[in-house]
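Peer 1: Curious how this folds, go ahead:
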Amino acid sequence: MHWYVDVLKKYAVFTGRARRQEYWMFFLFNLIISIVLAIVDYAIGSSILGILYGLATLLPGLGVAVRRLHDTDRTGWWILIALIPLIGTIILIVFLATEGKAEPNQHGPNPKYAPAV
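Peer 2: You can find the predicted model right below:
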């Protein structure tokens, strides 16, 4: 659960690097929580919980995605490639799943080997 909480602590941090595990564990927890909230919303006949949760996790999700792209030595602006229907999303998923650069880059040291803060 600390992967999820750590991303939320860096609420709007768009600098630095994020490991694959940090990004995908946040994605997994986010997906599970969204499914549970969708079920609850359906049961009460509303969609307010899902909307509020989506708004609350929008900036942390963007932040961890940008930091993940930084780990692969790409600028965070590559996240906009997802605006291209289908192909853009597939390319972004490949970028997010690619292993980060082992050596330090312009965005900082490799988070895999950097001491935890």
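Peer 1: residue ranges with poor pLDDT in this structure?
Peer 2: 114-117 (pLDDT under 70).
Peer 1: got a list of what the residue nearest to Ile48 when sequence neighbours are not counted touches?
Peer 2: Nearest residue to Ile48, sequence neighbours excluded (Cβ to Cβ, 6 or more residues apart in numbering): Asp41, at 7.2 Å. For the C-beta atoms, the positions are set from N, CA and C on the backbone; glycine is no exception. If a contact means Cβ atoms under 8 Å, 6 or more residues apart in numbering, then Asp41 has 47-50 as its contacts.
Peer 1: Neighbour-wise, which one of those residues leads?
Peer 2: Neighbour counts for those (other Cβ atoms under 10 Å) peak at Gly50, which has 19 neighbours.
Peer 1: what residues are up against that one?
Peer 2: Contacts for Gly50 (Cβ under 8 Å, 6+ apart) come out as 34, 37-38, 41.
Peer 1: Much appreciated, bye for now.
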